[in-house]
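Visitor: Would you be able to build a 3D model of this:
(one chain, ligands or ions: 2)
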Amino acid sequence: MNSIQIKDKSFDIFINESKILARIKEMAMQITSEMKDKNPLFIAVLNGSFMFTSDLMKELNFLCELQFIKVSSYAGTQSTGKVQEVFGLNQPIAGRNVVILEDIIDSGLTLQFLGQELQKQNPASIQICSLLLKPDALKVNLDVHFVGFEVSNEFLVGYGLDYDGLGRNLKHIYQLA
Ligand code: 5GP
Ligand code: MG
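Guide: Ligands and ions are numbered 1, 2, ... in the order given. Got it, this is the predicted structure:
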């Protein structure tokens, strides 16, 4: 399947499954060498990161914990504008070495907000691990410690990423044609 159609849009294959999995193995080696003695707590951001998280965790052969969270945004009152909230973080992270797992970083605003929220609990460290990063789209200064692929600003779908709720189940990553 080199091209797919979702609703009104066509997408071409961009990063195939074997390339994704090979890169994840390399990321896992880097994470292992840096984190294996630190009892890390991985915090994965739903929904998009579910597939990346699953494949990455299978490559980690040391003791670690995993928690799934959601960062929701909703339109607040006109005075407050966009309000974000973190859901599902039901364990203390004080003193922990936290690694945030994300599918893709675009403006960086979501992870900047999440980082600030987590920081309030005084973890020992917070590092960001994202499968995909759009460096040219970043609007804030964000230190992404573990990166799978740097990509251009094109819209991507598949491997957890959706277009209008669809396409998360695709095993390859596709780019808007
Ligand atoms: P940010 O706050 O960094 O701008 O947004 C990150 C979120 O935007 C990602 O977790 C993802 O949900 C969404 N996003 C950014 N770029 C893409 C893309 O190319 N495709 C899809 N499907 N979602 C994207
Ligand atoms: Mg995401």
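Visitor: got a pLDDT number for the nearest residue to residue 69 once chain neighbours are set aside?
Guide: Once flanking residues are discounted, residue 69 sits nearest to residue 88: 4.3 Å by C-beta to C-beta, 6 or more residues apart in numbering. Bear in mind the C-beta positions are built from the backbone N, C-alpha and C, glycine included. Note on residue 88: pLDDT of 96.
Visitor: For residue 88, the count of nearby residues, please.
Guide: Residue 88 is flanked by 13 other residues according to other C-beta atoms under 10 Å.
Visitor: and if you look at residue 103?
Guide: Residue 103: 25 surrounding residues under other C-beta under 10 Å.
Visitor: returning to that earlier point: didn't the residue nearest to residue 69 look like it was pressed against residue 66?
Guide: No: counting by C-beta atoms under 8 Å, residue 88 does not reach residue 66; the two are 12.0 Å apart.
Visitor: wait, what's in contact with residue 4?
Guide: With contact set as C-beta atoms under 8 Å, 6 or more residues apart in numbering, residue 4 has these partners: 10, 11, 167, 170, 174.
Visitor: Quick check on the residues you listed: which are buried?
Guide: Neighbour-count burial (16 or more other C-beta atoms under 10 Å) applied to the contacts of residue 4 gives 11, 167, 170, 174.
Visitor: Now the two most distant members of the residues you listed.
Guide: Of all pairs drawn from those, the greatest distance, 8.8 Å, lies between 11 and 170 (C-beta to C-beta).
Visitor: Now do the shared contacts for those two.
Guide: Common neighbours of residue 11 and residue 170, counting by C-beta under 8 Å, 6+ apart, are 4, 157, 158.
Visitor: quick one, phi/psi of the closest residue to the last one other than its chain neighbours?
Guide: So the one you mean is residue 158. If you skip the residues right next to it in sequence, residue 158 has residue 170 as its closest partner in space, 3.4 Å away by C-beta to C-beta, 6+ apart. Residue 170 adopts backbone torsions of phi -70, psi 140, taken as degrees, to the nearest 10.
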